[in-house]
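Chemist: Let's see this in three dimensions:
(4 chains)
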Number of protein chains: 2
Amino acid sequence: MATLSDVAKKAVVSKMTVSRVINHPDKVSDELRELVYAAMKELNYVPNVAARALVKKRSQVIKLLILEEMDTTEPYYMNLLTGIALELDKHHYSLQLVTRNSHAIGRCDGLIVTGMREEDYSSIISVLNQPVVLFGQNDKGYDFVDVDNRKGIKLATRHLIEQGFESILFFGIDLNEPFMAMREAGYVETMCECGLNPYIQLMKNSSHVSQSNAAAYLKTSRCKTAFVCASDRLAVGVVRAAQDLGLSIPEQVAVTGFDGVFLDRISCPKLTTIRQPIIEMGGECAKMLLQKIQQDGMKLGSCLFPPELIVRGSTV
Amino acid sequence: MATLSDVAKKAVVSKMTVSRVINHPDKVSDELRELVYAAMKELNYVPNVAARALVKKRSQVIKLLILEEMDTTEPYYMNLLTGIALELDKHHYSLQLVTRNSHAIGRCDGLIVTGMREEDYSSIISVLNQPVVLFGQNDKGYDFVDVDNRKGIKLATRHLIEQGFESILFFGIDLNEPFMAMREAGYVETMCECGLNPYIQLMKNSSHVSQSNAAAYLKTSRCKTAFVCASDRLAVGVVRAAQDLGLSIPEQVAVTGFDGVFLDRISCPKLTTIRQPIIEMGGECAKMLLQKIQQDGMKLGSCLFPPELIVRGSTV
DNA sequence: CATTAACATTAAAGCGCTCACATGAATCAG
DNA sequence: CTGATTCATGTGAGCGCTTTAATGTTAATG
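Modeler: All right, here's what the predicted structure looks like:
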């Protein structure tokens, strides 16, 4: 493995110049810079991350702290992880998966936190000395990345209205968190804009729960009904309820989900859903965090991704 | 942050002794060892991974090379990842996610490879200079970790026979890979042992494909039928086919899956499945790999995990 | 009691890199 | 032409750790 010294020798310059070409290319004359680049290429030089980390007093590790039950949200997180890991790799940072219990183990240069709930802010406060980016909206002033939840649900609701539905229910998750507030608001606003009555039901994020709730409603209702669901998981349950009752989808019952990560495609019929670009969002988390680390924890604000309506068999 | 020097000063020994206490505790007298431990505790000493990596010429990175389309197998991998990451963290190794295209980027001390197919062996051969452990059975002599596929399917088949089914089909995946051969063999063996006729159908690992195949079969069949599926995904399709035809589960149609990772629980009724302890298996991959790295690539053989039959509504 | 083997401990070098500082050349005001 | 100023480059120290080789200590041997 070629070292910085080897490159310096080959280019007949000092080690310092090589180091400078890597870290501050603009502070080196064009001539020398090209010389060094050529030598690096010829020797197939790859910087030694450990050596740099040692002198920079960095660990080159960033942690992903997952506060939710991983079991219940699994498919979603795989994409997040992928997005983060891909971006981090570009900068020779590596990702450490930690949970509520293990998050204090080992050093890191910063964290990405996901699944943060109201009650977590007090208990996890110790991590806030370090650079941190939250995955998921928050109203506490921390930098975060999220999808535009309100706009997403607006897209879904409007789509259902365009399909001619007038009885449109919202199935939400019974969590008092900003992302849910936004989704609910998107639904209510759109309904009001169109002069329709909102009807909201909150429940645990489980397909079995939404299935029984939807069944209970559909048994008493006579007209065609649409469900705006706050997650694909809830939507899956609604689809099953409709099928059990022999109601045709999407003619008598239409359903939209939210996430577009996995469940939307294994459902039958496939779900119309609001796709979150999770991989890209994960990448953005990583980018923001690395920038914060470089700028010594400076505040960067938030980043809201535009959601996308994916139309499939559950509505058309 | 306390350093090794600080500890040495506090314990009034040389740096060397402290280092030796960490790396070869048996080569230091009991008295000194305790002294050093006490000093370490008092100063809250944490070794600097980068410094160690620098002198040991290690990167402290291991890569997970995922050769399958991640999209189609997602929930499964999240567990694998978790298992690997958890074990690796204990040893201050970090995990880098790479794909077919990105696997050459950056250094690593070893790899775990998953989704390896027959045709990959030639193209990925360059990674085999380094310590490597495969996740998934192989007959090429590489160290691997897998679940006992044959035994798993045997459990499922026997369970169905015990439930009184005599017409039992096997829905397999059309891949010519060892894990599928094992699953098929487990089915055939058990059927023969019980004097029943095996009937095998291979297809793409898609719930929609298995749904239509199951539907085609069930339309012509008159007696109660059971399906041994090679994946939960296939099983989900079979369940849907039965429901579409108005056949009752598990009285007229019974189904078993394989994996027990995610789909088994969102299906309705929930699936009887063969659970693979993926998290533990991931941990074992990591352990094996770290041992190989330490022992300079020595061959370690394979590790087959016992599968577990989870009985749920799709069969009883 | 001197010699040596066996073991415990230390001093010092160096892993590959970056940084603060030193040096030297070129430019410009006066 | 001198001294100040700028810019490009080099020197050397040191990040925290492990390792080799050297040194000190003890116990066993003749």
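Chemist: Isn't A:V7 up against A:L43?
Modeler: Yes - taking C-beta atoms under 8 Å as the definition, A:V7 is a contact partner of A:L43 at 5.9 Å. (Glycine included, C-beta is placed from N, CA and C.)
Chemist: These two: which has the busier surroundings?
Modeler: Shown here are A:V7 and A:L43; by other C-beta atoms under 10 Å in any protein chain shown, A:V7 has more neighbours (26 against 16).
Chemist: Pull up the gap between A:N44 and DNA strand D, please.
Modeler: 22 Å (C-beta to the nearest atom of the strand, to the nearest Å).
Chemist: Can you check what pLDDT the model gives that residue?
Modeler: pLDDT recorded at A:N44 is 93.
Chemist: nearest spatial neighbour of it, skipping sequence neighbours?
Modeler: Nearest residue to A:N44 in three dimensions, chain neighbours excluded: A:A2, at 6.3 Å (C-beta to C-beta, 6 or more residues apart in numbering or on different chains).
Chemist: where does the one you found fall, helix, sheet strand or coil?
Modeler: coil (DSSP: H, G, I helix; E, B strand; the rest coil).
Chemist: and it, how far is that from A:K9?
Modeler: 10 Å (C-beta to C-beta, to the nearest Å).
Chemist: which residues of the stretch 1-150 of chain A score low on pLDDT?
Modeler: A:71-74 (pLDDT under 70).
Chemist: hey, where'd the helices end up in it?
Modeler: A:4-11, A:15-23, A:30-43, A:49-56, A:74-90, A:120-123, A:149-162 (DSSP state H, counting those that start in this stretch).
Chemist: quick one, domains of chain A?
Modeler: As assigned by automatic domain parsing, chain A contains the domains A:4-47, A:61-147+A:278-304, A:149-277.
Chemist: Let me know whether the second one sits next to chain B.
Modeler: Yes - applying C-beta under 8 Å from any C-beta of the partner chain, one finds domain A:61-147+A:278-304 touching chain B at A:61, A:70, A:74-75, A:77-79, A:81-82, A:85-86, A:89, A:92, A:94-98, A:102, A:105-107.
Chemist: just how off-centre is that domain within its chain?
Modeler: Taking C-alpha atoms, centre = their mean, to the nearest Å, one finds the center of domain A:61-147+A:278-304 at 10 Å from the center of the full chain.
Chemist: And it, end to end?
Modeler: End-to-end distance for domain A:61-147+A:278-304, by C-alpha to C-alpha, to the nearest Å: 25 Å.
Chemist: ok, how many other residues are close to A:K57?
Modeler: Neighbours of A:K57 using other C-beta under 10 Å come to 11.
Chemist: what's the answer for A:V61, then?
Modeler: 23.
Chemist: From chain B, how far off is the closest residue to DNA strand C within the stretch 151-300 of chain A?
Modeler: The minimum distance from the stretch 151-300 of chain A to DNA strand C, using C-beta to the nearest atom of the strand, falls at A:Q294 (10.9 Å). Distance, A:Q294 to chain B, by C-beta to the nearest C-beta, to the nearest Å: 18 Å.
Chemist: Check A:Y142 too.
Modeler: For A:Y142, the distance to chain B - C-beta to the nearest C-beta - is 25 Å.
Chemist: Let me see the backbone angles for that residue.
Modeler: Dihedral pair for A:Y142: phi -80, psi 150, per degrees, to the nearest 10.
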